[in-house]
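Participant: What would the 3D arrangement of this be:
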Amino acid sequence: MAPTSTSEKKRTQLFLILSGIFISNALLAELIGVKIFSGEALFGLPGAQINVLGAAYDFNLTAGVIIWPVVFITTDIINEYFGKEGVKKVSILTVLLILYAFLVITIVTGLPPAQFWVDLNSKDPQGNPFNIDFAYNSIYRQGLGIIIGSMVAFLVSQFLDATVFHWFRHYTGSRMIWLRATGSTLISQLIDSVVVLFVAFYLFGNWTIGLVLSVAFINYIYKFAIAIILTPVLYLAHYLIDGYLGHQQAETLIEEAAVESEN
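Facilitator: Numbering: from 1, shown residues only. Next up, the predicted model:
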């Protein structure tokens, strides 16, 4: 068996590092995404009262959106160096791992709780009755709707992101990294923001379409702003990766990714 070259080892290690960052943040976003938090309360502001379809809503976001920018920045970097196939591989692997995580969670939340554990945690710090097993299950067992909505939105948005990214690259070449990265993110995350909430909370839940659209709108605005703010991080990542691989090897990898994605 022929020995693996140093450049091939670095390429493999780079893909593993990027995949690890991608998978861990995507999984965390799924686990924490069940919580909806108030943007106004976070900064001590009065309710925004956003008007959607004739009803007023506050500035609310899903908790998972906080770390989701890490996922789409990593997506763009994987896209740049490993092409659409690289994004598809890590996206499919991520979906399988998330499904595995939810399977384990479903099994664990079905286990009968130890009575002493329930008794020791029967009250909150204010002395109010508290059922820790119910709270544990409510947090972790998000329901079939959220799982289906998350997986559908995740795969659709990731594949769309990879396609749009290379569509921009076809016209810009190696120039204007910010345009293909930000452009692909803005288009793909528009789909993701709406689909996940529509499937999870409207089709399978009890949200109104107005509430779905209001939260989706705020999530998207947040992603829009963060995508622009994080543009320097993308250039920094390119600088570090080019230094790690070597400029010539990095350029070769980018060109191979571009050619593969055109086919």
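Participant: pLDDT value on Gly246, please?
Facilitator: pLDDT, Gly246: 88.
Participant: Nearest residue to it in space, please, no chain neighbours.
Facilitator: Ser7 (7.5 Å; Cβ to Cβ, 6 or more residues apart in numbering). Backbone N, C-alpha and C define where each C-beta goes, glycine included.
Participant: Ala63 too?
Facilitator: Lys35 (4.1 Å).
Participant: what's around that neighbour, how many residues?
Facilitator: 11 (other Cβ atoms under 10 Å).
Participant: Ile98 too?
Facilitator: Ile98, neighbours per other Cβ under 10 Å, totals 20.
Participant: Quickly note the distance from it to Leu28.
Facilitator: 10 Å (Cβ to Cβ, to the nearest Å).
Participant: is it true that Leu61 lies in a helix?
Facilitator: No - using DSSP: H, G, I helix; E, B strand; the rest coil, the assignment for Leu61 is strand, not a helix.
Participant: Isn't it up against Ile221?
Facilitator: No - at 9.3 Å, Leu61 does not count as touching Ile221 under the criterion of Cβ atoms under 8 Å.
Participant: Of these two, which one has the most company?
Facilitator: Leu61 (19 against 13).
Participant: So for the one helix or strand Thr94 maps to, mean pLDDT?
Facilitator: Under the criterion of DSSP states H and E, Thr94 resides in helix 68-109. Average pLDDT, helix 68-109: 89.
Participant: next one: that helix to chain centre, how far?
Facilitator: Averaging C-alpha positions (Cα atoms, centre = their mean, to the nearest Å) puts helix 68-109 8 Å from its chain's average.
Participant: can you check stretch 196-215 too?
Facilitator: On Cα atoms, centre = their mean, the centre of stretch 196-215 falls 18 Å from that of its chain.
Participant: Endpoint to endpoint, it covers what distance?
Facilitator: Taking Cα to Cα, to the nearest Å, stretch 196-215 runs 11 Å from one end to the other.
Participant: Buried by neighbour count: which residues of that stretch qualify?
Facilitator: 196-202, 204-205, 207, 210-215 (16 or more other Cβ atoms under 10 Å).
Participant: And for stretch 184-192?
Facilitator: Buried-residue list, stretch 184-192, by 16+ other Cβ under 10 Å: Ser184, Thr185, Leu186, Ile187, Ser188, Gln189, Leu190, Asp192.
Participant: and the residues you listed, which of them are in helices?
Facilitator: Ser184, Thr185, Leu186, Ile187, Ser188, Gln189, Leu190, Asp192 (DSSP state H).
Participant: Of these, just say which sits nearest to Glu251.
Facilitator: Of all these, Glu251 sits closest to Ser184, with 20.8 Å by Cβ to Cβ.
Participant: can you list the buried residues of stretch 184-192 in CSV and add distance to Ile229?
Facilitator: Output for these, formatted as CSV (distance: Cβ to Cβ, whole Å):
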residue, distance to Ile229
Ser184, 16
Thr185, 12
Leu186, 13
Ile187, 18
Ser188, 18
Gln189, 14
Leu190, 18
Asp192, 18
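Participant: can you give me the helices in the chain?
Facilitator: Under DSSP H, the chain gives helices at 6-32, 39-43, 68-109, 115-120, 132-140, 144-172, 177-197, 209-229, 231-245, 247-262.
Participant: what does the fourth one rub up against?
Facilitator: For helix 115-120, the surrounding residues in contact (Cβ atoms under 8 Å, 6 or more residues apart in numbering) are Asn131, Ile132, Asp133.
Participant: nearest spatial neighbour of the second one, skipping sequence neighbours?
Facilitator: Spelled out, that is Ile132. Asn121 is the one closest to Ile132 (Cβ to Cβ, 6+ apart), at 3.8 Å.
Participant: State the pLDDT value of the residue nearest to Phe201 when sequence neighbours are not counted.
Facilitator: Counting by Cβ to Cβ, 6+ apart, Phe201 lies nearest to Trp207, which is 4.0 Å off, once chain neighbours are set aside. Note for Trp207: predicted pLDDT of 80.
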